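[1] need the 3D shape of this:
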Amino acid sequence: MKKLATLRKAIFGMLIMIAFFMSVPVSKATPNLDGVKGITLHDQDRTVMVMSVPEVSQNHGGVRVRGITLYDQDRTGNYKYQYLGRRGNYQVRFDGEIIIADNDKDIKAISRGGYLEIKRSSFGSSRKIIIESVGGKLIRKYYVGHSKKDFEPDGREWLEEVLPQIVRSSKIGAKSRVDRFYKKGGVRGVLDELDSFNSDDMKAYYLELLLEKNIKSSGMVTILDQLDRHLESDHYVSDLLIKNLDKFTGSDKVMTAYLQAIKGIKSDHYVSSVLKRIIKDDDVTDKQLYKIFDNFDQLSSDHYLVMMLNNFIEYRTLSDANVDKVLELSKNINSDHYRLEMFKKLIKNSEVKSNSINKILPLIGEMKSDHHMVSAINLITRGEELTSRNVEEIIKISDNIKSDYNKYLLYNSLLTKGNVSKAAFAKIMESTAEMNSDNYKSNLLNSLFNRSDNHVYTLDEVLPLLEKMDNDNYLTSAIFSINRKVDLNDEDRMTLLNFSDQLNSDYYKQQILSELFDPENASDKMFDKYFEYVDDIGNDNYKMKALNKVLKTRQLDSKMIDLLLKQAAGFNSVHYTSGLYKSLAKQKNLTDTQLIKIFASLRSTANSDSYLSGVLYSFAPKVKNSSNAKLREAYMNCAKKIRNDYYYGRAVKAISK
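    The predicted structure follows:
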């Protein structure tokens, strides 16, 4: 076998050399690898065709080569045929239509102006015959070497010897021979003659000539049934089926045979070429196509299967039945990549209705790749307006998406598109809440408030997104968005305040409290809730910022002062404790009773002489201007707690008149 392979390579090299010595500047040499027994060489002026690669076989341990056939046509229309074999080389030139005698040993006629020239070289000697059509008669000339000889009898004898080989290795007289065999034996008569050819090119040419006849359905079936026996090359089989499709659409029996002929093709490439031709042909009904598709499972390549389906989508009217057929066949596509390519073609087709979309979606849901699944769904969401049923079906298959990112992209697209029913929206919220990424939850919430339909949300609709968020930053951002985009009452805000329990950072706790709390309009219940969560802030700086929200925006009543004084005991740093009292000192319209209560609280919480003196100094003007002896006594009782004479004297001096 290695010898055979080596020899074939050597022969191909020899063919290139032959082309060179024949003065053919070869620009492309393409060996047919699909079983075609031939090689074609092209240049600008002519085509040289190797009609049959040498037959190679094992013979007593050696290798035997039978012959090489070359076929050439130049721009003038003249043909040159060359046969290289063991017993010498034939060169044949001809032009015009040539009719071969019934015994294949003589020329019966040549069209006006045509000719045939046969030359053979063997072991240094040569012979040549020239037959020309002149004035409706054939003029025959015979040469041995350079000498002209009488045609009879030696020339005729040599012609009878070589002509059968020539007509079976070239297309010379092919039409007359097909006419003869068909007249004598019908379709089978021509098919029997194909057995004498080695070249698929020759067999295919004879079949083309045969198909020009007015053949009955039974004859067409016979031709199709025997194609794979006569033609080894997928190229020639597919070419013949494509070119002659119009001749094979006469009956269901012929179409059945046509289908079987397609099944004989091994290459997906050539199978898809034939199917494309069938799909584009208006004479082939959808029903006939269904029959082909239903009995067709030989396309092993997703690439070619999708190519076939895309051709069907492009060239056929996409009725509901046709869409169903495409979707049924698409189940055979294994690759998500190719399935997506098919879905693109189908979804972009303007004939596909919304009811068909719901048939497509379950198949999209079967895709293994999140990326391809979401890409396919996005094709739908970017298309025509979706029905609520479409949206619900999309959300249903979104459970198959594993990636938070891809699921977020999908939901974002749906919500931006609009037409999301209440039930569908609830499902999106529920599914999004299960995401691991708080970032995507927060981003999706922002997308909600940018919906094209200007939907007005309630807190209950968006609350599920917050329930499982544990990232302080994203949870805080989400609460900010809700507070600014949703119409909330105090009950709603207290519900949102409860989410501060999920926060670890005092900074974010203070941010949420400041965002949600409106001191000017808050109810007593809201105040209580607010201070309850201020208690949970451990950082003095953020606690003080939260309290300043109250101190700077509202006139304090006795209840507010009680709540604030309670917070004074919760600071870790005397700096912030004194800061709170100094902020109280800035409040206008404090009553004597309130001041007495503040001094009592101050006396019990202040431990630093410096800070205590500083706070008393801030309140001194209010005491100094009051005639209430009890207020002055409360001030002094607080000052007596100061041990340092300097700070004590400073506090006392501040209220002296």
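
[2] in stretch 520-538, what's buried?
    Counting neighbours by 16 or more other CB atoms under 10 Å, one finds that the buried residues in stretch 520-538 are Ala522, Met526, Phe527, Lys529, Tyr530, Phe531, Tyr533, Val534, Ile537. C-beta coordinates here come from the backbone N, C-alpha and C atoms, glycine included.

[3] give me the longest strand you can find in the protein.
    For the chain, the strand reaching the highest residue count under DSSP state E is reported as strand 125-134.

[4] give me the sheet partners of it and which way each runs.
    Listed by DSSP bridges, the sheet partners of strand 125-134 and their directions read strand 115-122 (antiparallel), strand 137-144 (antiparallel).

[5] could I get it in PDB with only the CA atoms?
    Presented in PDB, the C-alpha positions along strand 125-134 are these (Å, rounded to 0.1, in the frame of the first residue of the first chain):
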ATOM      1  CA  SER A 125       8.000   5.300 -34.800                       C
ATOM      2  CA  SER A 126       4.800   7.200 -35.400                       C
ATOM      3  CA  ARG A 127       1.500   6.900 -37.400                       C
ATOM      4  CA  LYS A 128      -1.100   9.500 -38.000                       C
ATOM      5  CA  ILE A 129      -4.600   9.600 -39.500                       C
ATOM      6  CA  ILE A 130      -6.400  12.800 -40.500                       C
ATOM      7  CA  ILE A 131     -10.100  12.800 -41.400                       C
ATOM      8  CA  GLU A 132     -11.700  16.000 -42.600                       C
ATOM      9  CA  SER A 133     -15.100  17.100 -43.700                       C
ATOM     10  CA  VAL A 134     -14.900  18.800 -47.100                       C
END
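
[6] which residues sit against the helix or strand containing Arg603?
    The secondary structure element spanning Arg603 is helix 592-605 (assigned by DSSP states H and E). Contacting residues not belonging to helix 592-605 are listed as 556, 558, 561-562, 565, 568-569, 577, 581, 584, 590, 612, 615-616, 619, 622-623, 626, 628, 630-631, 634-635, 637-638, 641 [CB atoms under 8 Å, 6 or more residues apart in numbering].

[7] residue ranges in the stretch 501-650 of the chain under the pLDDT threshold?
    For the stretch 501-650 of the chain, applying pLDDT under 70 flags the ranges 553-554.

[8] repeat the analysis, applying 80 as the threshold.
    Filtered on pLDDT under 80, the stretch 501-650 of the chain yields the residue ranges 552-555.

[9] how about the helices of it, start to end?
    506-516, 524-534, 540-551, 558-568, 574-585, 592-605, 609-624, 629-639, 645-654 (DSSP state H, counting those that start in this stretch).

[10] compare those helices and give me the one nearest Val486.
    With CB to CB, the closest approach to Val486 among those belongs to helix 506-516: 11.8 Å.

[11] how far does that closest one sit from the chain's center?
    Its chain's C-alpha centre lies 45 Å from the corresponding centre of helix 506-516 when counted by CA atoms, centre = their mean, to the nearest Å.

[12] name the element Asn332 belongs to?
    Assessed by DSSP H and E, Asn332 sits outside every helix and strand.

[13] quick one: pLDDT of it?
    Per-residue confidence at Asn332 stands at 89 (pLDDT).

[14] around it, how many other residues sit close by?
    Neighbour count of Asn332, defined by other CB atoms under 10 Å: 13.

[15] leaving out sequence neighbours, find the closest residue to it.
    Nearest-residue entry for Asn332: Leu305, 6.3 Å, with adjacent residues in sequence omitted and distances by CB to CB, 6 or more residues apart in numbering.

[16] now swap in Phe293 and tell me
    The nearest residue in space to Phe293 (CB to CB, 6+ apart) is Leu329, at 6.1 Å.

[17] in whichever strand or helix holds Tyr405, what counts as buried?
    Of the helices and strands defined by DSSP H and E, Tyr405 is found in helix 404-417. Using 16+ other CB under 10 Å as the burial criterion, the residues of helix 404-417 that qualify are Asp404, Asn406, Lys407, Tyr408, Leu409, Leu410, Tyr411, Asn412, Ser413, Leu414, Leu415, Lys417.

[18] give me the angle between the helix or strand just after that helix and helix 404-417.
    Tracing the chain C-terminally past helix 404-417 and defining elements by DSSP H and E, one meets helix 422-433 next. For helix 422-433 against helix 404-417, the angle by axes from the mean of the first three to the mean of the last three CA atoms, to 10 degrees is 150 degrees.

[19] show residues contacting helix 422-433.
    Identification of contacts with helix 422-433 by CB under 8 Å, 6+ apart yields 388, 391-392, 395, 398-399, 407-408, 411, 414-415, 420, 440-441, 444, 461-462, 464-465, 467-468.

[20] just checking the distance from the strand or helix carrying the residue nearest to Phe293 to the centre of its chain.
    According to DSSP H and E, Leu329 maps onto helix 320-330. When C-alpha coordinates are averaged (CA atoms, centre = their mean), helix 320-330 and its chain have centres 19 Å apart.
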